[in-house]
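Asks: the following comprises the amino acid sequence and a computationally predicted model.
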Amino acid sequence: MVESSLWHPVALVGDVAHTPVAVQLLEQPVVVWRDAEGLVQAFADQCPHRGARLSLGRVTPQGQLECPYHGWQFAADGRCTYVPALPAFVPPPGHCARAFEAREAHGVVWVRMEQQGSAALPAFAAEYDARLRKLNCGPYDVAASAPRIIENFLDMSHFGFVHEGWLGSRDATIIDDYHVEATPTGLLATGCKAWQPQSNLHSTAPAQVEYTYEVTAPYAAVLTKVPEAGTTAVDGWRESIALFICPVTPVRSRVWFRLAVADFDSPDEKLQAFQHTIFTQDQPVLESQTPQLLPLDLRAELHTAADKASSAYRRYLRQSGITFGVC
C-alpha cells in the first residue's frame, strides 16, 4: 500500500512524554514513546509474545518499553532485551516488536510504517521564517476521509456559505480564475482571491485576500493568505497555515493545523480560537458528505471551473496510486 510508505502525523510532540501513547494509523494500532535519550519511537501496538497492547505498559528507567502482561522489555529498535520469567534467557533476534520510523517536525510526531523508497516529510516553508510565530491547533477527530478534508481546505467557493460573516459573504461569492499547476508532491494554486469580512484575528475591515494553496503530500496541504494593506491592526499581516491529517481509517481522520503568523503578542489560545471557529464550521459539512470516500472518477460528481484545484488534487491522487480514503 502506497500510503504505508509515507510519513503521517500521529500526535503532538508535547503529548508524547514519559508514558506510552496509543494512536491509530491506517487502521492499525500504534504506540509512540520516548527512549532513554528522549528520542521518539513507534511500534505496532502489539506485544509479539501474547498480543497485549504495549501502550498499556510503561517505559522503564533504562528507556525500554515494557509490556503490561508479562513484563517483556523492548529496546528502541524493537529487540526484546529481557524476559522476567527467564532472567538468564537471551532473546534471539526474532523476539522483537515491529518497529516503525518516527520523527518530530512542525510540533508533531510523524510515523512511517514501511521503508519503501525515499519519502520526505510534508514541507512547510514558513517553519523556517523567523518573522512568523508557530503554534499548533488541534487535534480534531473527524468522521470524514482525509482526502475529503484536503479538498475542502483547497475550496474557496464555500466561504460565503459555511463561513458567512468570517471568510465570506453570500453577496460576494464569485471566484475569479486562478492558476493551478502540478508539482511532484501534488499541486500549486496561485492567484486565488476571495472577499472576506474577517479574514483573520486582527481584521479591522473587509478585505480582498489573496491565497496560495499547495498540496505537499496526499494528506497534507498549506495555504498562505495576504489581505489588502490597511485592513488589519497588525501592519504587514501575513500568515501561512499547514493542514496535517492522520488517516485513522478510510472514513475517519485526526487533524492538526500548524499556524505561522505575524503575531508574537497574542496568547496562543486567542490565535487558536480563530482557527478553531473556522474548522468547526467546516466539520459538520465534511461529516455530512456522501460518499465519505473521495471519488477519483471525475464523472462521479459535478465540477465547474471554480473547482479546478480539487479536480487537480483528485487526478494527483489517482496518478500516485493512493487507495486509502478514496473510491
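Replies: Yes, it's here. Numbering: from 1, shown residues only.
Asks: beta-bridge partners for the most centrally placed residue in the chain, please?
Replies: Centroid-nearest residue in the chain: Phe244, 1.6 Å away (criterion: C-alpha atoms, centre = their mean). Phe244 has these beta-bridge partners by DSSP bridges: Ala220, Trp256.
Asks: how about the strands in the stretch 201-327 of the chain?
Replies: Ranges of strands in the stretch 201-327 of the chain, per DSSP state E, counting those that start in this stretch, are 207-217, 220-227, 239-249, 252-261.
Asks: between strand 252-261 and the shortest one, find me the angle.
Replies: Just to be clear, that refers to strand 220-227. The directions of strand 220-227 and strand 252-261 differ by 40 degrees, with axes from the mean of the first three to the mean of the last three C-alpha atoms, to 10 degrees as the criterion.
Asks: what's the offset of strand 220-227 from the middle of its chain?
Replies: 15 Å (C-alpha atoms, centre = their mean, to the nearest Å).
Asks: what is that strand packed up against?
Replies: helix 146-154, strand 207-217, strand 239-249 (3 or more C-beta pairs under 8 Å, 6 or more residues apart in numbering; DSSP states H and E). For every residue, glycine as well, the C-beta is placed using N, CA and C.
Asks: and Pro9, which of those is closest to it?
Replies: Pro9 lies closest to strand 239-249 among those, at 4.3 Å (C-beta to C-beta).
Asks: most distant residue from the centre of this protein?
Replies: Relative to the mean C-alpha coordinate of the chain, counting by C-alpha atoms, centre = their mean, the farthest residue is Ala88 (44.7 Å).
Asks: just the element for Ala52, please.
Replies: Ala52 belongs to no helix or strand when elements are defined using DSSP states H and E.
Asks: surely it touches Glu66?
Replies: No. Contact status for Ala52 versus Glu66: not in contact, 10.9 Å apart, counting by C-beta atoms under 8 Å.
Asks: neighbour count for these two, which is higher?
Replies: With neighbours defined as other C-beta atoms under 10 Å, Ala52 and Glu66 compare such that Glu66 has more, 20 against 16.
Asks: and the more buried one, how far is that from Ser55?
Replies: Distance of Glu66 to Ser55, computed by C-beta to C-beta, to the nearest Å: 11 Å.
Asks: before we move on, the earlier item: surely the residue nearest to the centre of the chain and Leu121 touch.
Replies: No. Counting by C-beta under 8 Å, Phe244 does not reach Leu121; the two are 9.8 Å apart.
Asks: overlap in contacts of those two?
Replies: Counting by C-beta atoms under 8 Å, 6 or more residues apart in numbering, the residues touching both Phe244 and Leu121 are His106.
Asks: looking at the strands of the stretch 201-327 of the chain, which is buried most?
Replies: Among these, ranked by average contacts under mean count of other C-beta atoms under 10 Å, first place goes to strand 239-249 (a mean of 24).
Asks: thanks again, I'm all set now.
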